[in-house]
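>>> Prediction below, plus the sequence it came from.
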Amino acid sequence: MLNNSAKIMFFFILMTSTMITVSSNSWLGAWMGLEINLLAFIPLMNNNNLMSTEASLKYFLTQAMASAVLLFAIIMSYMNNFPINQETPTYTDLIITSSLLLKSGAAPFHFWFPNVMEGLSWMNSLILMTWQKIAPLMLISYMPQNNFITLVIILSTIVGSLGGLNQTSLRKLMAFSSINHLGWMLAAMQTNESMWLIYFSFYTFLSFSLIFMLNNFKMSHINQLFNSFFNSKTLKFLLFFNLLSLGGLPPFIGFLPKWLVIQLLVMNNQYMLMTTLTIMTLITLFFYLRLCFAAFMLNYDENNWITTMSINNTSFKIMLTLTFISTFSLTLVSLSYLFL
């Protein structure tokens, strides 16, 4: 992605604009940071092909509409002298929260997210799933928590789990997985102010380790997983350990943030929300396991345009290190917790 000086400049503007939003002490300053962020990400998305152009146009229209609604609600709140962040939310608070949820891609405002992901490269998809969520989520955490957020949490986990069941595109699969994880982040935000940052950090690391492999092998669809690692069982295990860790299977490190959120929800007596999150995550784990079973058991070989898969030694070492961390870290954390 960073193959010329213009894209490097836009990449640094992207990083800086998020910092402007997070560190701003006024809502107009936060809105300005979001606008700069949008205008910096659009040139990074465009890879001079039809799909990326369509994706960037969809992203621009959605984000511009969300920014307009956000600015409208902020001005209306200032005109009516409604203090934002008061304990009892007003209708302007709900409009601001809705526009930020639209920016982050949470259900029921998620319709643009899988379609935009489908037209992006893997590195741009990683930025959209991780970095682009920091500013909206940080602003949502400033808002008063209410029953509307609880409804969004339930809808996000349901849409993220059921939407990924019939997908054959790996990018759309990751998009619906991201919507499901966003529901967990909002649930963590509702119970503890800093817990969603912990969850987000784990999610970013696991997404990076998985997308690093998918990008390295230029994979886009499920059927490529079946015969891609026909000659290398090690690479196949590396990929699916990362997949299961992202799904939150207990031996892997991806279970740790879910474990912490479940514990917080139980302590706050939110048993119904915790049960819904857990059941819907089991469905996401089902379509991850379906990929793993198909790839491990249906190990067939067929003619392909690229018959041999080349990988350099450095990439293999990076994959091995990332997978080791995502696989065995939870065991080490549990043992250290027992002995301390």
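Alright, I've got the coordinates.
>>> Apart from its chain neighbours, what residue comes closest to Leu44?
Phe10 (5.4 Å; C-beta to C-beta, 6 or more residues apart in numbering). In short, each C-beta sits where N, CA and C put it, glycine included.
>>> Return the residues in contact with the one you found.
40-41, 43-44 (C-beta atoms under 8 Å, 6 or more residues apart in numbering).
>>> ok, those residues vs Phe148, which is closest?
Phe41 (27.3 Å; C-beta to C-beta).
>>> list the helices and strands the helix or strand harbouring the closest one packs on?
Applying DSSP states H and E as the criterion places Phe41 in helix 27-45. Under the contact criterion of 3 or more C-beta pairs under 8 Å, 6 or more residues apart in numbering; DSSP states H and E, helix 27-45 touches helix 5-23, helix 50-79, helix 122-129, helix 134-142.
>>> what is the orientation angle of the second one with helix 122-129?
To tie it back to what came earlier, the one meant is helix 50-79. 20 degrees (axes from the mean of the first three to the mean of the last three C-alpha atoms, to 10 degrees).
>>> Repeat that for the first one.
Here helix 5-23 runs at 10 degrees with respect to helix 122-129, directions being taken by the same axes, to 10 degrees.
>>> so where's the stretch 51-200 of the chain uncertain?
Where the stretch 51-200 of the chain drops to pLDDT under 70, the residues are 81-89.
>>> Recalculate using a threshold of 50.
Scanning the stretch 51-200 of the chain for pLDDT under 50 picks out no residues.
>>> ok so, going back, any of the contacts of Phe10 buried? List them.
40-41, 44 (16 or more other C-beta atoms under 10 Å).
>>> Of those, just say which sits nearest to Ile134.
Phe41 (12.6 Å).
>>> Tell me who's in contact with the nearest residue to the closest one once chain neighbours are set aside.
Nearest residue to Phe41 in three dimensions, chain neighbours excluded: Leu14, at 5.7 Å (C-beta to C-beta, 6+ apart). The neighbours of Leu14, taking C-beta under 8 Å, 6+ apart as the test, are 37, 40-41, 44, 127, 131.
>>> What of Leu186?
Applying C-beta under 8 Å, 6+ apart, we find Leu186 in contact with 106, 137, 140, 149, 152-153, 156, 196.
>>> thinking again about what came up before, would you check how far apart the residue nearest to Leu44 and Met138 are?
Distance, Phe10 to Met138, using C-beta to C-beta, to the nearest Å: 21 Å.
>>> go on, Ser194?
Counting by C-beta to C-beta, the gap from Ser194 to Met138 is 12 Å.
>>> Those two: which has the busier surroundings?
Between Ser194 and Met138, Met138 has the larger neighbour count (other C-beta atoms under 10 Å), namely 19 against 9.
>>> residues in contact with that one?
Counted by C-beta under 8 Å, 6+ apart, Met138 has contacts 21-22.
>>> Compile the contacts of Leu186 into a markdown table and extend it with columns for secondary structure and distance to Cys292.
Formatted as a markdown table, these follow (DSSP: H, G, I helix; E, B strand; the rest coil; distance: C-beta to C-beta, whole Å):
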| residue | secondary structure | distance to Cys292 |
| --- | --- | --- |
| Ala106 | coil | 28 |
| Leu137 | helix | 30 |
| Ile140 | helix | 34 |
| Ile149 | helix | 33 |
| Val152 | helix | 30 |
| Ile153 | helix | 28 |
| Ser156 | helix | 24 |
| Trp196 | helix | 28 |
